[in-house]
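Student: With the input below, show me the fold.
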Amino acid sequence: MLSETSAVKGYEKSAPEVAKEMEAEMNAIKQVTVANNRAPEVHVPEPEDYDTDLEEEKYPRCYTVPMEERPRVIYMRACHKFNLTPSSSFLKGLTSGVVKLNHQNLGPEGARAVALGLVLCETVSELHMSSNNIGQSGTKYLIDMLRENENISVLNLADNELQTYGAQLLCEMLNENDAIISLNVSGNNFKPQDAHLFHTMMSYYRCTLKELDLSHNDFGEYGGKLIGEAIGNNDTIETLNISWNGFGPNGAKAIAKGLEENSCLKVLDVSWNGLEDVGSEMIASAISANDVMVDLNISANRIGMKGLGLVLKALSSSKSIQSLNVSRNPITFEGPVVAVQTILEHPECGLQSIEFRDMCVPRQFLPILAKINEFKPQFKVKHGGYVIASDILHHSMEQRMETVLNDPMMRLLQYVHERKLRLADLFFQFDTDRSMTISEGEFVAGIKKAGIPMNDEQIQQLVENLDVDADGEIDFGELKLGEKKYLKRIEKIGAELPFGHKKSNSRPASKLSNARSRPASNTSRPASQMSARPMSNSSRKTERPKTVPDHLLQPRTKSDLAEELKKLTDSSSSESEGDT
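Tutor: Model prediction:
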């Protein structure tokens, strides 16, 4: 193991030593400033050509730097000394408390300036410096700063090639600094032998970490065994990401054994580790045994249909697990069907969400999901679409229907219908000051007094939807318009209108009916210069013969019609007698 005094090539002074030198220099300036302020000041007007032989003061007159300004001053002096361009993100972070310097390629000297600026800082609680190529010397500067600063609780040093030297410094620092509760050191090329350092830190040191990210490293099966043992010994970490480490089935076995002994880990990500069916089943069985885990991610682990069934069977008895991610595994479209069928057969299972991001679901999946939602309304399956295109339309219509029916306006109209009220009655019920408008306060008070089942977020959403002109008040016209818009939304999705409302069959009047006629042009159309075309015989107007006699076209009186009717009846009776 490398000792703390082991020097890196080109490393002369530690960050606290340089910071103390700057602090001593600032104290000297402060003392002179105080002494100058104590001396009586006499304001004597001096001519422009006034000259003197008195010596100038040894120190120029200056002002005391406040404590909250010292980190900024030290950082600016360090940038000037190391010939660096100051980072505006760092200066903003000193005020907000969150320093975000990701992907800025600061290098070792940039990390040194940041470390010097944060030694005396009491306002920054989060430091994010991923992908900055800080190297071993930059890591040393930051670690020395963290030994002095106990205000930073979130540290992100991902993708900085810390390697073994950085892992050693980090683990030794965490033994002394108990303020850091979240650490991200993913993508730092840690090797299997480096797992010993983290094993020791997690197992025996005074570890106070709540979140740890060791993903995208190269621990392998050997490192997986050490990490698994450390999980069993640790009692503080609640969120652990160890994805992309190539643990394999043997490493999964050690991790499963550690999970059986662990009693605090709630979120675990072991994706992209090649666990296969056997390793995934062992981890799922261990989780169901400890009954603490809430979120499990085993995506991209070469889990087949058999492994999925074993995992779901193992988790079916767990009441604590709520989310499971099994995406990017060689599972056919029957996998989601098997998953929901298992949940349907084991209603005591605590799962509320299953994720199949890259997997399409067949038609038989939807009825099973609907049955589960009857006793688990919050249960959802995130998938990649549907095998049959018509199912996509059906699902889309169901989602639109669910959105419309869960609208707060629906509950307001339901209240009016159940109480056999008119919308005007509800308006006057809410308008307590009789101003013919309902303020936001009156609307909220009226909803709560009436006992309409809405939370504060839904009430605010309803107020924003009804207040069309955004003047902070709702008049009766806006309330009526809100009802009309909501009913029109229901008509669009083809659903039956609720509470006895009838669909409007009348089409709105055409806008063309009220349109003004086109004004006549002032300029006449020029006459054609061509000779007129002779008219054909067929196009000439000919008088057609009359097919109806003229006497039938003349108007006839009532008496004439009666007389003609009598003649017709007499003639018909005589004809009938002749036939007989």
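Student: can you give me the helices for the stretch 51-200 of the chain?
Tutor: Secondary structure of the stretch 51-200 of the chain by DSSP state H, counting those that start in this stretch: the helices cover 70-81, 88-96, 107-118, 135-148, 163-174, 195-203.
Student: Next, the angle helix 107-118 makes with the longest one.
Tutor: Angle between the axes of helix 135-148 and helix 107-118 is 10 degrees (criterion: axes from the mean of the first three to the mean of the last three C-alpha atoms, to 10 degrees).
Student: so what does helix 135-148 touch, helix or strand wise?
Tutor: helix 15-38, helix 107-118, helix 163-174 (3 or more C-beta pairs under 8 Å, 6 or more residues apart in numbering; DSSP states H and E). C-beta: built from backbone N, CA, C; applies to glycine.
Student: now the angle from it to helix 163-174?
Tutor: Using the same axes, to 10 degrees: helix 135-148 against helix 163-174 is 0 degrees.
Student: Restrict helix 135-148 to CA atoms and write it as PDB.
Tutor: Taking C-alpha atoms only, helix 135-148 is exported to PDB below (Å, rounded to 0.1, in the frame of the first residue of the first chain):
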ATOM      1  CA  GLY A 135      -4.800  12.300 -13.000                       C
ATOM      2  CA  GLN A 136      -3.000  11.100  -9.900                       C
ATOM      3  CA  SER A 137      -1.700  14.500  -8.800                       C
ATOM      4  CA  GLY A 138      -5.100  16.100  -9.200                       C
ATOM      5  CA  THR A 139      -6.600  13.300  -7.200                       C
ATOM      6  CA  LYS A 140      -4.000  14.000  -4.400                       C
ATOM      7  CA  TYR A 141      -5.000  17.700  -4.300                       C
ATOM      8  CA  LEU A 142      -8.700  16.900  -4.000                       C
ATOM      9  CA  ILE A 143      -8.200  14.200  -1.400                       C
ATOM     10  CA  ASP A 144      -6.100  16.600   0.800                       C
ATOM     11  CA  MET A 145      -8.800  19.200   0.500                       C
ATOM     12  CA  LEU A 146     -11.500  16.700   1.500                       C
ATOM     13  CA  ARG A 147      -9.400  15.900   4.600                       C
ATOM     14  CA  GLU A 148      -9.900  19.500   5.700                       C
END
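Student: how far out from the middle of the chain is that helix?
Tutor: How far helix 135-148 lies from its chain's middle: 34 Å, per C-alpha atoms, centre = their mean, to the nearest Å.
Student: got the buried residues for it?
Tutor: 135-148 (16 or more other C-beta atoms under 10 Å).
Student: What's the end-to-end length of stretch 281-298?
Tutor: End-to-end distance for stretch 281-298: 10 Å, by C-alpha to C-alpha, to the nearest Å.
Student: List the buried residues for it?
Tutor: For stretch 281-298, by 16+ other C-beta under 10 Å, it's 281-288, 290, 292-294, 296-298.
Student: Do you have the strands of this protein handy? List them.
Tutor: Counting by DSSP state E, the chain has strands at residues 98-100, 126-128, 154-156, 182-184, 211-213, 239-241, 267-269, 295-297, 323-325, 353-356, 380-383, 437-439, 473-475.
Student: The fifth one pairs with which strands, parallel or anti?
Tutor: Using DSSP bridges, the strands paired with strand 211-213 in its sheet are strand 182-184 (parallel), strand 239-241 (parallel).
Student: Among those strands, show me which one is buried the most.
Tutor: Among the strands paired with strand 211-213, strand 239-241 has the highest mean neighbour count (mean count of other C-beta atoms under 10 Å), at a mean of 21.
Student: Okay, now the unreliable bits of the stretch 101-250 of the chain?
Tutor: Along the stretch 101-250 of the chain, segments meeting pLDDT under 70 span 205.
Student: do the same with the chain
Tutor: Low-confidence segments of the chain, defined by pLDDT under 70: 1-63, 205, 392, 395, 493-497, 499-559, 561-562, 564-580.
Student: Please report the distance of the residue most central in space within it from Leu393.
Tutor: Geometric centre of the chain, nearest residue: Lys382, 15.1 Å, by C-alpha atoms, centre = their mean. Lys382 sits at a distance of 19 Å from Leu393 (criterion: C-beta to C-beta, to the nearest Å).
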